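*Asks:* fold the stuff below for me.
(one chain, ligands or ions: 2)
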Amino acid sequence: MIAILGAGKMGEALLSGVLRAGRAPSELMATVRREERGALLRERYGVEIVGNAEAAATADTLVLAVKPQDMGVLLDEIGAKVRPGRLVISMAAGITTGFIEERLPAGVPVVRVMSNTPVLVDEAMSVISAGSHAGEENLKLAEELLSPVGKVLRLPESLQDGATALSGSGPAYFYYLVEAMVDAGILLGMPRAAALEMVIQSAVGAAVMLRDSGEHPVMLREAVTSPGGTTISAIRELERHGVRAAVLEAIEAARNRGRELAGG
Ligand SMILES: NC(=O)C1=CN([C@@H]2O[C@H](COP(=O)(O)OP(=O)(O)OC[C@H]3O[C@@H](n4cnc5c(N)ncnc54)[C@H](OP(=O)(O)O)[C@@H]3O)[C@@H](O)[C@H]2O)C=CC1
Ligand SMILES: O=C(O)[C@@H]1CCC=N1
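*Replies:* Residues are numbered from 1 along each chain as shown. Ligands and ions are numbered 1, 2, ... in the order given. Now for the predicted structure:
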């Protein structure tokens with residue numbers, strides 16, 4: 001039995017992915033804070049909605065999907081009820097396995113995961129790290145749960161805040177770029193719907209080429225950038241405005257915010 005505690009956006013996305021991967025609704029339970037949200041999830045997926053205490057006492061695998069700020073309260077509620085031999089998987093940004101382990105009975109294995117919203121379309125990037133009591137078997141279980149909804153990569157926990165900044169938040173940066181490019185289309189007099197379609201298809205095409213060609217992004221960009229042509233004029237402006245430095249600083253800021261969240 002898998003329990004998802006705090007089935008909000010990420011919890012629901014994982015729940016739906018696990019069901020798409022072929023698990024029966026009877027193998028899953030979820031917890032929520034608001035009754036109407038529970039009713040919606042029950043209706044949408046046919047899973048049992050229970051209290052946190054019941055989930056903690058019943059499930060073999062507990063997936064904690066509340067906001068980092070709510071993690072302390074949740075762990076205070078369930079900590080004593082989690083039995084040894086169970087696996088706890090945390091999806092929260094910033095929260096360390098040490099923080100969770102301190103609030104659980106000694107020896108309970110904890111795996112920290114940073115995934116992203118493309119879980120919804122089975123294209124997630126999930127980075128996993130073992131806590132101090134989690135071994136190969138626990139990491140394999142986490143991989144089994146997450147691999148049907150995308151790629152899974154193992155990294156040391158010291159890189160988890162970086163993973164949060166890079167791939168956890170990653171989709172937001174691409175959406176932001178899409179928004180900005182659509183605005184540019186509007187500036188050039190393009191109808192909004194046409195601009196959106198052109199930008200989305202360019203993004204999809206570029207993403208598929210990045211993933212499937214095996215070419216380095218620099219090579220792919222150079223292939224678009226003709227000598228004396230149009231693309232280099234745009235690149236000059238991006239460089240003049242320090243966009244590369246802005247990206248480096250933005251992602252470093254996200255990593256630093258993750259570190260702050262660990263402190264509550
Ligand atoms: N959104 C994203 O792109 C990503 C998020 N994450 C991480 O995933 C976690 C969840 O984020 P997200 O799904 O966006 O947030 P949501 O707010 O959508 O989901 C959190 C859910 O937890 C519920 N909740 C809070 N406290 C309790 C409790 N004590 N018992 C039961 N349920 C509770 C909330 O209920 P209510 O709705 O009533 O407040 C809410 O539905 C976070 O820790 C975040 O860092 C990781 C990667 C990407
Ligand atoms: O913004 C956040 O805090 C979460 C974590 C990664 C993506 N969204």
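
*Asks:* how many neighbours does Met10 have?
*Replies:* 24 (other Cβ atoms under 10 Å). (Glycine included, C-beta is placed from N, CA and C.)

*Asks:* now do Gly11
*Replies:* Residues near Gly11, counting by other Cβ under 10 Å: 22.

*Asks:* got the contact list for the helix or strand that it is a member of?
*Replies:* Using DSSP states H and E, Gly11 falls within helix 9-20. Outside helix 9-20, the residues that touch it by Cβ atoms under 8 Å, 6 or more residues apart in numbering are 2, 4-5, 7, 25, 28, 30, 41, 45, 47, 63, 65, 91, 115, 117, 119-120, 122, 124, 145-146, 148-149.

*Asks:* buried among those residues? Need that as a selection in ChimeraX.
*Replies:* For the buried members of these, the matching ChimeraX selection, counting by 16 or more other Cβ atoms under 10 Å, is:
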select :2,4,5,7,28,30,41,45,47,63,65,91,115,117,119,120,124,145,146,148,149
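
*Asks:* within reach of ligand 1, which of the contacts of helix 9-20 are there?
*Replies:* With Cβ under 6 Å from any ligand atom as the criterion, the contacts of helix 9-20 include 5, 65, 91, 115, 117 near ligand 1.

*Asks:* related to what we said a few turns ago, check which element follows the helix holding Gly11 along the chain.
*Replies:* strand 28-31.

*Asks:* just checking, what packs against that next one?
*Replies:* strand 2-5, helix 9-20, helix 35-45, strand 48-49, helix 52-58 (3 or more Cβ pairs under 8 Å, 6 or more residues apart in numbering; DSSP states H and E).

*Asks:* could you list the buried residues of the third one?
*Replies:* Neighbour-count burial for helix 35-45, with 16+ other Cβ under 10 Å as criterion, is recorded at 38, 41, 45.
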